[in-house]
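Asks: The following comprises the amino acid sequence and a computationally predicted model.
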Amino acid sequence: MPFLTYISDESLLKCFKNLLDATYKGELKAKDNFERNIIDPFSTLLEMAIFDCDKSSWVRSETKRQAQKSLTNAIGTFHQQVLGSVDGWVNLRTTNQVDLINADRNILAEVKNKHNTLKASDKAALYNKLHDMISKKNSVFKDYTAYYVEIVPDSSKVYDKIFTPSDSSIGSKCPPNEKIRYIDGRSFYSLATGDSEALDKLFSALPKLIKAQGLKINNKDFDFAQDFFIKAYK
């Protein structure tokens, strides 16, 4: 049985291995740079006192915290690579355009792991970029529908809405355009694959992917994380 029906095992395993490699590199970088970085001594002392941890425990915790940033970025790239491996979709990787396109369906997408990845000013800049890409006469993406994808949504509701972020440069929200939208991860996976449970199935496949790479995960750990999945996508 394949891991998923909408992407080959070879492609999925490659995406997951890329995620692990990026995370491990981030962890090594966090360890190498630990003493080079400026550490807040006030926070350090108070954390050890308030959270009742000794020096060794605090160093381990702080190193993991710094490495977690790499994991978060790697998860966003993982979703981009998985979606870019679905038939009809192309992952543009690190170009200065967007993350994904589907030329057959006239869709382009910018994928972020969480709803709070972008600051308000960055969202306005993204809107302007998407607007130019689908509106300019000489653009190859003219009349496409552009999506800003938030894999983990900002509430426990799915959405597919017109994207109108606030723009401080004009003192108001960006003008509404039916073809510039923002969407949660579950809804976009459904749109991209034609499978309404595509994201659910990807999450359920993670324990097998984890074990395939020689890592350990037990049923209780999966159930614990699955509760958060259910709450995120009611």
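Replies: Thanks, I have it.
Asks: what are the ranges of the strands in this structure?
Replies: For the chain, the strands defined by DSSP state E occupy 90-91, 100-102, 107-114, 145-152, 160-162, 166-167, 172-173, 180-184.
Asks: What residues does Ile146 make contact with?
Replies: For the record, residue 146 is Ala, not Ile. When contacts are counted by C-beta atoms under 8 Å, 6 or more residues apart in numbering, Ala146 touches 98, 107-110, 130-131, 133-134, 179-181. Glycine gets a C-beta too; all of them are placed from N, C-alpha and C.
Asks: and if we set it to 6 Å?
Replies: Each residue near Ala146 by C-beta atoms under 6 Å, 6 or more residues apart in numbering is listed here: 108, 130, 134, 180.
Asks: In JSON lines, list those residues along with pLDDT and neighbour count.
Replies: What follows is the contacts of Ala146, written out as JSON lines (pLDDT from 0 to 100; neighbours: other C-beta atoms under 10 Å):
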{"residue": "Leu108", "pLDDT": "96", "neighbour count": "22"}
{"residue": "Leu130", "pLDDT": "96", "neighbour count": "27"}
{"residue": "Ile134", "pLDDT": "96", "neighbour count": "19"}
{"residue": "Ile180", "pLDDT": "98", "neighbour count": "25"}
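Asks: Throw those residues into CSV and include distance to Glu62, thanks.
Replies: As requested, the contacts of Ala146 are exported to CSV (distance: C-beta to C-beta, whole Å):
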residue, distance to Glu62
Leu108, 39
Leu130, 38
Ile134, 44
Ile180, 40
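Asks: Just name the closest of those to Gln66, please.
Replies: Nearest to Gln66, judged by C-beta to C-beta, of those is Leu130 at 32.1 Å.
Asks: returning to what we had before: so which of the strands of the chain is nearest Arg36?
Replies: Here strand 107-114 is closest among the strands of the chain (C-beta to C-beta), at 26.9 Å.
Asks: list the buried ones in that closest one?
Replies: Across strand 107-114, burial judged by 16 or more other C-beta atoms under 10 Å covers 107-113.
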